[in-house]
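S.K.: can you look at this prediction? I've put the sequence above it.
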Amino acid sequence: MNETYDVAVVGAGAAGLQAAQTLGRMNRPTVVLGTDRYRNDPATAMHNFLGHDGTPPAELRTAARADLEHYASVDLVEAEVTTIEATDHGFTLHTSVGDVAVRRVVLAMGVADTLPDVPGLADLWGDLVAHCPYCHGHEFTGQHVGLLGADASLPLRAAMLERIASHRVVLTDGVELDADVADTLKRMGVEVRTEPVTGVGPAGGSLEVLLDGAAPVPLGGLFVHTTWAPTAPFAEQLGLDRSPVGAIIVDALGRTSRPGVYAAGDIAQQAGLPMPMAAVLVAAAAGMAAAASADRELAAEDNGIALPM
């Protein structure tokens, strides 16, 4: 690994690899620093990605890495970044294989999910258990589909499944629903089960939800709300503005509140949106925008050209 690059891309998922390709096509000296841990590893296939519907996530990353071999200005380094600090000339990244100095940083390290504390849920996560109907809902077409939780978003989440599921059931895990939420679900024809959930397990190619004191509920698929957190503390280290849900706030070009730092992928949230747009295709597009923004600013800086805001 060289000691100095123009840009460091932190993270080697869809956002980071697309950022690297964009920078490589501009012959911009770039290092991609990543590990072998990815948010969508549990998923057998990714969906709702033009030309790649049903492709295993690892295959997309392998193809993207192969593409990067055509660009001599890009180095891919398997390394974990521990700290990023600002310097007089840019940034220094402290990694598991040494330090690297750069002028710009693209943060694309992603987030990690924490599932509800239900036995067996993690074993089915990514296929029969999911959190995004746009990514995994179609595969449950014509089946009984469950929603685990008791929050105010349930009516909208259930409505999104209206054309997919033959039957919808909310499993509140012992929590009483708000009266307005319960009334709305009843009007929509959504079944509600309030018994405590004791576990989830496979059942003949589908799954079943085990309830305390009641018969199991057979389902074709189950949607859950996860809690997530960044996989690294770089936003705190760099003093970046974050949204109420913890994502790094960016503009349409991927720029953060700190000049020289960009963010893309599941960790980034455009101002005005309620949450990050967590999808592989969106992450890749955001990586391209952030990389182009970084390259454009460096080109202007090196030639004394003022850029419009």
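M.R.: Happy to help now that I have it.

S.K.: which helix or which strand is home to residue 246?
M.R.: In this structure, residue 246 sits in neither a helix nor a strand according to DSSP states H and E.

S.K.: now do the contacts for it.
M.R.: By Cβ atoms under 8 Å, 6 or more residues apart in numbering, residue 246 lies in contact with 228, 229, 230. Any C-beta I mention is one placed from the backbone N, CA and C, and that applies to glycine too.

S.K.: which among these end up buried?
M.R.: 228, 230 (16 or more other Cβ atoms under 10 Å).

S.K.: out of the contacts of residue 246, the closest to residue 119 would be?
M.R.: residue 228 (20.8 Å; Cβ to Cβ).

S.K.: check whether the closest one really touches residue 110, as I assumed.
M.R.: No - Residue 228 is beyond contact range of residue 110, at 9.3 Å (criterion: Cβ atoms under 8 Å).

S.K.: let me know the pLDDT of the residue positioned nearest the centre of the chain.
M.R.: The structure's the chain has its C-alpha centroid closest to residue 266; by Cα atoms, centre = their mean the separation is 3.4 Å. pLDDT recorded at residue 266 is 93.

S.K.: do residue 54 as well
M.R.: pLDDT at residue 54 comes out at 89.

S.K.: residue 17 looks like it's in a helix, true?
M.R.: Yes - counting by DSSP: H, G, I helix; E, B strand; the rest coil, residue 17 is found in a helix.

S.K.: that one against residue 64, yeah?
M.R.: Yes - between residue 17 and residue 64 a contact is recorded at 4.0 Å, counting by Cβ under 8 Å.

S.K.: of those two, who's got more company?
M.R.: Under the criterion of other Cβ atoms under 10 Å, the comparison of residue 17 against residue 64 puts residue 17 first, with 27 against 18.

S.K.: can you pull out the strands in the stretch 151-300 of the chain?
M.R.: With DSSP state E, counting those that start in this stretch, the ranges of strands along the stretch 151-300 of the chain come out as 167-171, 191-193, 197-203, 206-211, 214-219, 221-224, 227-230, 248-250, 261-263, 268-270.

S.K.: looking at the ones you listed, which one is packed in the most?
M.R.: For the strands of the stretch 151-300 of the chain, the largest average neighbour count (mean count of other Cβ atoms under 10 Å) is found in strand 261-263, namely a mean of 28.

S.K.: so where is the stretch 1-150 of the chain shaky, pLDDT-wise?
M.R.: Along the stretch 1-150 of the chain, the model assigns pLDDT under 70 to residues 1-3.

S.K.: for the residue nearest to the centre of the chain, what are its contacts?
M.R.: 15, 39, 110, 111, 228, 276, 278, 283.

S.K.: how about 10 Å then?
M.R.: Counting by Cβ atoms under 10 Å, 6 or more residues apart in numbering, residue 266 touches 11, 13-15, 39-40, 108-113, 228, 230-231, 247, 275-280, 282-283, 286.

S.K.: just give the number of residues close to the residue nearest to residue 152 when sequence neighbours are not counted.
M.R.: Excluding its sequence neighbours, the residue lying closest to residue 152 (Cβ to Cβ, 6 or more residues apart in numbering) is residue 181, at 5.9 Å. For residue 181, the neighbour count with other Cβ under 10 Å is 19.

S.K.: confidence score at residue 181?
M.R.: 97.

S.K.: make 12 the starting number, not 1.
M.R.: New numbering, starting at 12: the last item is residue 192.

S.K.: my guess is it contacts residue 166. True?
M.R.: Yes - counting by Cβ atoms under 10 Å, residue 192 does reach residue 166; the two are 6.3 Å apart.

S.K.: common neighbours of the two, please.
M.R.: Common neighbours of residue 192 and residue 166 (Cβ under 10 Å, 6+ apart) are residue 181.

S.K.: that older thread, just the ones of the contacts of residue 277 in helices?
M.R.: 25, 26, 291, 293, 294, 297 (DSSP state H).

S.K.: now the two most distant members of these.
M.R.: 291 and 297 (10.8 Å).

S.K.: neighbour-wise, which of the two wins?
M.R.: More crowded of residue 291 and residue 297, by other Cβ under 10 Å: residue 297, with 30 against 24.

S.K.: was I right about that one contacting residue 22?
M.R.: No - with contact defined as Cβ under 10 Å, residue 297 does not count as touching residue 22 (11.7 Å).

S.K.: quickly list what's touching both of these two.
M.R.: Common neighbours of residue 297 and residue 22 (Cβ under 10 Å, 6+ apart) are 30, 117, 119, 274, 275, 276, 277, 278.

S.K.: show me what contacts residue 313?
M.R.: 17, 114.

S.K.: how near is it to residue 42?
M.R.: Using Cβ to Cβ, to the nearest Å, residue 313 is found at 19 Å from residue 42.
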